[in-house]
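S.K.: just a sequence and a predicted model for now, questions to come.
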Amino acid sequence: MANVLKKIYVGLIFIFLYAPMAVLIVLSFNASKSRSKWGGFTFKWYAQLLSDSSIMEALITTLLLAFLSALISTFIGTIAAIAIMSFKKGMRTLMLGITNIPMLNAEIVTGISLMLLFIFFNIQFGFTTILLAHITFNIPYVILSVLPRIKQLNPSAYEAAMDLGASPFKAFMKVVFPDILPGVFSGMLMAFTMSIDDFIITHFTKGAGVDTLSTKIYSQVRKGIDPKMYALSSVIFITVLVLLILVNLLPNGQKKAKQAK
Amino acid sequence: MKNKFVKLLSLPYVFWSIGFIIIPLLMVFYYGLTDKSGRLTLSNVLNIALPVHFKSLIIALLLSFVSTVICLLLSYPLAMILANVKSKSKGLMILIFVLPMWMNFLLRTLAWQTLLENEGVINTVLQFLHLPVLKIINTPYAIIFGMIYNFLPFMVLPIYNVLCKIDNNLLNAARDLGANEIQTFFKVTLPLSVPGIISGITMVFVPALTTFVISDLLGGSKILLIGNVIEQEFTLNSNWHLGSGLSIVLMIFIIISMITTAIFDKDGEGSAL
């Protein structure tokens, strides 16, 4: 009896979380442009998607931003995490405190603070300002996912490599880096996702003429969402779903393969 | 790894965090505490006392408080159920609850319009079943709904994480010593999960308090939250001084919740990562 109740409860929350996905996927096949009327089944929004240059442009901007900001923040964040672990306690606490600011602060405050910075220093709003903002909120995710890996490292391994004649750089690349790689990778994935999903901070740091998918959707809210957006988001959702399943199945598979050896 | 070279690796991040975290926050205080001619003033901050602004702050506090409480009540049983699932499907279960976060959140929130509208999907179903219809779109209830929907995973994950870490032997020991299920829950499980609860509360309360998007999309832009007021000062009125002054007020609430988290969750146990 209790088990049935538990299943019903999880099921209801599952429906609550997934009802909007279902709505969006249904709307992507809706021939009517209206959000509240069903006008028959159609594939035309999917067919027209690739030829809509403004949506494609926003998609490319979004992906480019996510890719570049994930890459740069992974580099800065990883070397920072390595350095932070070598700091004395007081300095380490300070650095981790600063790292927590963008994660715990409200997005609107992070957004306007960066907007004010760019206004104050007369920096032209555009792709670069969004990229700087995205790197800023992405670095903490990388640091926090690399740090636990570094804590688990055996410092003697690195010293042993140096004793055996490896240069500090070579010792790092051969001994330390492979061990922290999973943390680096999951940090990068996190950064990529956060960048793709961001609306609020982009809203305050973007200039006229540059749009990500989020800001484009927001600008369409008043006049009605272009149904091609539903088609695109359904495609993205299914892609992410497939990728996530692969990513979550692969590490287990590797572990099992190793154990089998 | 205690050599100078390793410490130098922090330099890019030190400069980055000074330039893009510390200085921008100081900018908020600089603009918030000066007027257009650059004179020091408290009038931007004190503007919160204006009825329009004060009302938006009170509504935001009220709505975010209600949504945080409902999120907690919904999440705790859910996290308990998930934490007890056999380890094999655990990853999959979490994936199911995180996955919606990967779809554009504006579109997800807009989809609730279609569902909640007076002649929307839910009401059509209710009418079909001869049940009373819901009239909640463009009301504060719809905003609460949207907040719960968007931030629920942020409450579930930290609680789930701390619950998973609880040693089963502790629960067994409590039972062996004669505690019943309810006593075990209140004496062992609940106290041990406090870091997760506190972290979840912050992670729901702060974004809910400061949102302008959810109220915009589900409140029919009639209900202004403090986030909407600040957003409008920046994007429509270009009054950065007033917008910054009101943000300082908002930051007081954010800092209070950050300190609460720091006190209750010293080791970062309740983090969602």
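M.R.: Looks like it arrived, so ask away.
S.K.: for chain B, which helix is longest?
M.R.: Longest helix in chain B by number of residues (criterion: DSSP state H): helix B:51-83.
S.K.: what comes up buried for that one?
M.R.: B:53, B:56-57, B:59-61, B:63-64, B:66-68, B:70-71, B:74-76, B:78-83 (16 or more other Cβ atoms under 10 Å in any protein chain shown). Using the backbone N, CA and C atoms, a C-beta is placed for each residue, glycine as well.
S.K.: what residues does the stretch 151-261 of chain A put near chain B?
M.R.: With Cβ under 8 Å from any Cβ of the partner chain as the criterion, the stretch 151-261 of chain A meets chain B at residues A:155, A:158, A:168, A:176, A:190, A:193, A:197, A:199-200, A:203-204, A:213-214, A:217-218, A:221, A:225, A:229-230, A:233, A:236-237, A:240-241, A:244-245, A:248, A:252.
S.K.: coming back round to it: quick one: distance of the longest helix of chain B to the chain centre.
M.R.: 8 Å (Cα atoms, centre = their mean, to the nearest Å).
S.K.: and that helix with chain A, contact?
M.R.: Yes: interface with chain A: helix B:51-83 contributes B:74, B:77-78, B:81-82 (Cβ under 8 Å from any Cβ).
S.K.: between these, which sits nearest B:L209?
M.R.: B:L74 (18.7 Å; Cβ to Cβ).
S.K.: so the closest one sits against A:V10, correct?
M.R.: No: between B:L74 and A:V10 there is no contact, the gap being 11.3 Å when judged by Cβ atoms under 8 Å.
S.K.: low-scoring stretches of the stretch 1-150 of chain B, by residue?
M.R.: Within the stretch 1-150 of chain B, the stretches with pLDDT under 70 are B:1-3, B:87-94.
S.K.: show me the strands in it, by range?
M.R.: For the stretch 1-150 of chain B, strands defined by DSSP state E, counting those that start in this stretch do not occur.
S.K.: can you show me the helices along it?
M.R.: B:4-8, B:11-17, B:23-32, B:43-46, B:51-83, B:90-98, B:105-116, B:121-128, B:140-165 (DSSP state H, counting those that start in this stretch).
S.K.: for the spatially most central residue of chain A, which non-adjacent residue is closest in space?
M.R.: With distances taken as Cα atoms, centre = their mean, A:T193 lies nearest the centre of chain A, 1.8 Å away. Computed as Cβ to Cβ, 6 or more residues apart in numbering or on different chains, the closest residue to A:T193 that is not its neighbour in sequence is B:W102, at 6.3 Å.
S.K.: what about A:T239, neighbour count?
M.R.: By the measure other Cβ atoms under 10 Å in any protein chain shown, the count of residues near A:T239 is 11.
S.K.: is it fair to say it lies in a strand?
M.R.: No: under DSSP: H, G, I helix; E, B strand; the rest coil, A:T239 falls outside any strand and is assigned helix.
S.K.: hang on, B:E117 packs against B:N138?
M.R.: No: the pair B:E117 / B:N138 is not scored as a contact, 9.3 Å apart, by Cβ under 8 Å.
S.K.: can you tell me how far the nearest residue to B:A83 once chain neighbours are set aside is from A:F118?
M.R.: Using Cβ to Cβ, 6+ apart and skipping residues adjacent in sequence, the residue nearest B:A83 is B:L163, 3.9 Å away. Note on B:L163: its distance to A:F118, by Cβ to Cβ, to the nearest Å, is 43 Å.
S.K.: for the helix or strand encompassing A:D179, name the packing helices and strands.
M.R.: Secondary structure assigned from DSSP states H and E places A:D179 in helix A:177-197. Here helix A:177-197 touches helix A:53-86, helix A:127-151, going by 3 or more Cβ pairs under 8 Å, 6 or more residues apart in numbering or on different chains; DSSP states H and E.
S.K.: show me which residues of the helix or strand A:K170 falls within are buried.
M.R.: Assessed by DSSP H and E, A:K170 sits inside helix A:168-171. By neighbour count on 16+ other Cβ under 10 Å, the buried set for helix A:168-171 is A:A171.
S.K.: give me the number of residues near A:N3?
M.R.: 8.
S.K.: that older thread, list the contacts for the residue nearest to A:T193?
M.R.: Listed by Cβ atoms under 8 Å, 6 or more residues apart in numbering or on different chains, the contact set of B:W102 reads A:193, A:197, A:237, A:240, A:244.
S.K.: spatially nearest residue to the fourth one (excluding sequence neighbours)?
M.R.: The shortest distance from A:V240 to any non-neighbouring residue, by Cβ to Cβ, 6+ apart, is to B:W102 (4.7 Å).
S.K.: before I go, just wanted to say thanks for your time.
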